[in-house]
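S.K.: What shape does this take:
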Amino acid sequence: MQNFLRRRPWVILAAGALVQLVTGVPASWGVFRQSVADGYAIGGAAAAAAFSVYLFFYGAGCVAGGLWQDKKGPRAPGLAGAALVSGGFFAAAFVPGGSALAFWACFAAPAGVGCALLTPAVLSCAQKWYAHRKGLATGVIGLAMGASGAFLTLAGRFFIGRWGVRTAFFALGALQLAVCGISAALLENPSDFKAPEGDGRDLSPRAMLRTKQYRLLTAAVALAAPPVLLFSPVIVELAQQRGLGQAGGLWCVVAGSAASAAGRLSMPWLSDRIGRKAADLLLYAALGGLSAAFAFARGWWVLAVYCALTFCYSGQAAVLPAAVTDLFGQRHAGVNYGFAALGMSAAALALPFVSRALPEGALHIAAAASAAAAFACMAFLKRADGRRL
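M.R.: Here you go, the predicted structure:
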């Protein structure tokens with residue numbers, strides 16, 4: 001396998017991209033939400049909360065996935081992740097209706113953990129094969145991660161319209177098992193890999209957790225979430241309320257996914273040239289301004305501003321893996337990335353309470369303020385050796 005991959009390292013990028021293409025649950029949840037609410041008789045709020053449960057388990061699972069792949073390599077956690085994410089979709093086809101807790105436990109939790117095992121495995125493996133072009137490796141896989149929203153939206157609508165939501169989950173589970181299982185089986189780190197230096201050290205997770213850099217980075221990750229994650233689970237309904245109609249609402253999901261893919265491809269590439277910090281500051285500033293503008297958007301401006309928001313949010317998420325390795329080194333990249341992703345878990349826990357506690361207008365103010373706080377955290381973030389981040 002080593003000789004095969006050494007001649008064709010692009011196979012690792014392709015495997016990682018295919019995994020991300022078929023597992024982008026968050027980006028497409030706005031399309032599934034109402035069908036889940038009706039098909040499982042759990043109500044719209046509980047169906048929307050499944051999105052947050054998924055994100056919580058995704059963030060928490062990234063720690064376990066990163067630790068596993070750092071110790072044993074990417075293949076074992078990748079295969080386990082393929083089994084869990086497809087198992088969650090299979091279970092959703094049979095879970096009894098009327099219980100939101102059962103749906104969360106059978107679908108959202110295992111699917112979130114499964115995706116969390118897969119993501120550090122494919123990202124860390126790709127960064128090792130492309131050690132001096134980490135932005136490229138992250139960007140290509142991130143492109144597929146962004147495009148997954150459009151792919152799962154179209155596939156979900158097709159399956160739901162033809163067979164209903166339960167059969168749609170089963171069909172998507174079968175697709176994920178095949179694609180993720182084969183892709184994970186190909187994952188293997190280069191045998192002669194030597195980690196490039198981070199800021200003069202390769203920090204263990206325990207040492208990283210004690211640094212100011214970790215606290216600032218994780219806070220920025222959490223604070224960047226509200227401008228998009230407060231609205232993406234309900235974007236179809238929100239677009240309809242603001243004059244776009246049902247077709248326009250679905251276009252928000254598809255076009256938002258395309259914008260997400262563009263952000264995930266372009267921003268790691270840009271960060272290779274201007275630095276991770278400069279790229280993130282640009283994106284956080286844009287998230288703040290766009291959040292304010294989103295409060296007043298009507299008609300097709302909803303689509304335009306939402307696409308810009310998803311571009312910026314996905315762009316900063318795609319810069320994160322390279323920022324983690326730049327700050328803390330490559331040796332423990334998987335688990336260190338998982339700990340940084342806990343910021344998203346924290347946001348996932350808090351946002352449902354925020355969305356219920358505040359009226360829509362105040363949500364936009366909260367989103368803009370949160371982006372401003374993320375900007376402040378990133379502004380204070382510096383490498384320990386004084387070099388440019």
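
S.K.: What helix or strand is the residue nearest to Ala155 when sequence neighbours are not counted located in?
M.R.: Among residues not flanking Ala155 along the chain, Leu172 sits closest, at 6.6 Å (Cβ to Cβ, 6 or more residues apart in numbering). C-betas here are computed from N, CA, C, even on glycine. Taking DSSP states H and E as the definition, Leu172 sits inside helix 165-186.

S.K.: buried stuff in that helix?
M.R.: Neighbour counts over helix 165-186 (16 or more other Cβ atoms under 10 Å) mark 165-166, 168-173, 175-177, 179-181, 183-184, 186 as buried.

S.K.: mind checking how far the helix or strand following it is from the chain centre?
M.R.: Using DSSP H and E, the helix or strand that follows helix 165-186 in sequence is helix 205-209. Relative to the mean C-alpha coordinate of its chain, helix 205-209 is positioned 23 Å out (Cα atoms, centre = their mean, to the nearest Å).

S.K.: tell me what helix 205-209 is packed against?
M.R.: Helices and strands touching helix 205-209, as assessed by 3 or more Cβ pairs under 8 Å, 6 or more residues apart in numbering; DSSP states H and E, comprise helix 333-340.

S.K.: For the helix it packs on, which helices and strands make contact with it?
M.R.: Partner elements for helix 333-340 (3+ Cβ pairs under 8 Å, 6+ apart): helix 44-72, helix 109-129, helix 205-209, helix 212-223, helix 300-328.

S.K.: of all the ones you listed, which gets the most neighbours per residue?
M.R.: Ranked by mean neighbour count under mean count of other Cβ atoms under 10 Å, the helices and strands packed on helix 333-340 are led by helix 109-129, which reaches a mean of 28.

S.K.: Pull the distance from the helix or strand immediately after that one in the chain to the chain's centre.
M.R.: Next along the chain after helix 109-129, taking DSSP H and E as the criterion, comes helix 134-163. In terms of Cα atoms, centre = their mean, the centre of helix 134-163 is found 11 Å from the chain centre.

S.K.: what do you get for stretch 319-328?
M.R.: 16 Å.

S.K.: same thing with stretch 367-375?
M.R.: 19 Å.

S.K.: Mind listing what's buried along that stretch?
M.R.: 367-368, 370-375.

S.K.: could you dump these to CSV with pLDDT?
M.R.: CSV is the format used below for the buried residues of stretch 367-375 (pLDDT from 0 to 100):
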residue, pLDDT
Ala367, 94
Ala368, 96
Ser370, 96
Ala371, 96
Ala372, 97
Ala373, 97
Ala374, 96
Phe375, 97
